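1. Pasting the sequence and the predicted model now:
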Amino acid sequence: MADPRLLDQAFHRLMRSIVESGRALHYAELAREMGSGVEEGRQLLLAVMQAYPIGWLHPDTDYIASFPPLNNLPTQYRVSVRGEQKWFAQCGFEATSVTWLFPGATVRVEAPCLDCGERMVVEMCDGKFVTVDPPGIVGHLNWGFGPSRGRPPFL
Amino acid sequence: MNLFRSEEHARRWTQFNPQSEEGFINLPDLAGFFGTETRHHMLDANYLSAWFPKRAAERRAYLEQIGKATPFWLGTPSPS
């Protein structure tokens, strides 16, 4: 098991990278930042993802697909901050958590409704709603939480 | 774990699970659920070791507070 301090450092760098640039570091980049070898970086990434199981790697790869509340792989939940759209939320629920990654800024989440394709907009600043359009937007959990249900958690 | 324009839109979604009627949550409750204390520390240098482990208990407490402490929401096996 990796040193918890190393895991913390790696997690922090991964989270910082996706917040700052819209994409999480590749393990080779992580290795360089950590001052370690590339394979050590890969093992560290695997250890971080094991310790943070609400995120995941793309199947059969060492590529980060999801690092919640943000996603490396585009989703329909487009996130804009200060007029710049370069982030995606993992899902509609995590979209409401992105506000905590950008203190003091208005975070805009724009997504099409999966029924009608019409646009929905949720803007938040420091956890408070700024805009909800349309006002009746709801969250929906389709399969329940938990691996025992055997369905993708993002649905 | 999606947002919809309304409950009616969710029910019309082609992939809507008819057994998920209890899966609706209003936006303020959702923001509270995903805005609990640990979420405020995601950028902290020790988030993974100090805060993430507290997340599960925090979520359970919040679900109890909003009346959603059911297997569907808690992620526990359904009684069968």
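-> Great, that's in hand.
2. where along chain B do the helices fall?
-> Ranges of helices within chain B are B:7-12, B:27-33, B:55-65, B:71-74, based on DSSP state H.
3. looking at those helices, which is closest to A:Asn142?
-> A:Asn142 lies closest to helix B:7-12 among these, at 8.5 Å (Cβ to Cβ). The C-beta positions use only the backbone N, C-alpha and C, and glycine is treated the same way.
4. which parts of that closest one are buried?
-> Of all the residues in helix B:7-12, those buried under the rule 16 or more other Cβ atoms under 10 Å in any protein chain shown are B:His9, B:Ala10.
5. rewinding a little: I'd like the helices of chain B laid out as a markdown table, including mean pLDDT and distance to A:Ser36.
-> As requested, the helices of chain B are exported to a markdown table (pLDDT from 0 to 100; distance: least, Cβ to Cβ, whole Å):
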| stretch | mean pLDDT | distance to A:Ser36 |
| --- | --- | --- |
| helix B:7-12 | 98 | 46 |
| helix B:27-33 | 98 | 37 |
| helix B:55-65 | 96 | 28 |
| helix B:71-74 | 92 | 39 |
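6. Let me have the ones you listed in JSON lines, extended by distance to A:Asp133.
-> Converted to JSON lines, the helices of chain B look like this (distance: least, Cβ to Cβ, whole Å):
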{"stretch": "helix B:7-12", "distance to A:Asp133": "14"}
{"stretch": "helix B:27-33", "distance to A:Asp133": "11"}
{"stretch": "helix B:55-65", "distance to A:Asp133": "26"}
{"stretch": "helix B:71-74", "distance to A:Asp133": "27"}
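7. any low-confidence regions in chain A?
-> For chain A, the stretches flagged by pLDDT under 70 are A:1, A:147-155.
8. Which residue ranges of it form strands?
-> Ranges of strands within chain A are A:56-57, A:64-67, A:70-71, A:78-81, A:84-88, A:106-112, A:119-125, A:128-133, A:138-140, based on DSSP state E.
9. out of those, deepest packed?
-> Of the strands of chain A, the one with the most neighbours on average (mean count of other Cβ atoms under 10 Å in any protein chain shown) is strand A:70-71, at a mean of 27.
10. how distant is that strand from the center of its chain?
-> Relative to its chain's centre, strand A:70-71 lies at 2 Å (Cα atoms, centre = their mean, to the nearest Å).
11. Stretch A:68-82 now?
-> Relative to its chain's centre, stretch A:68-82 lies at 7 Å (Cα atoms, centre = their mean).
12. can it be found next to chain B?
-> Yes - counting by Cβ under 8 Å from any Cβ of the partner chain, contacts between stretch A:68-82 and chain B involve A:Pro69, A:Tyr77.
13. Can you tell me the closest non-neighbouring residue to the residue located most distally from the centre of chain A?
-> Distance from the C-alpha centroid of chain A peaks at A:Gly37, with 26.0 Å (Cα atoms, centre = their mean). The spatially closest residue to A:Gly37, leaving aside those adjacent along the chain, is A:Ala31, at 6.2 Å (Cβ to Cβ, 6 or more residues apart in numbering or on different chains).
14. Hmm, A:Leu25 and that neighbour touching each other?
-> No - using Cβ atoms under 8 Å, A:Ala31 makes no contact with A:Leu25, being 9.0 Å away.
15. Between these two, tell me which one has more neighbours.
-> Remark: of A:Ala31 and A:Leu25, A:Leu25 carries more neighbours, 24 against 21, as counted by other Cβ atoms under 10 Å in any protein chain shown.
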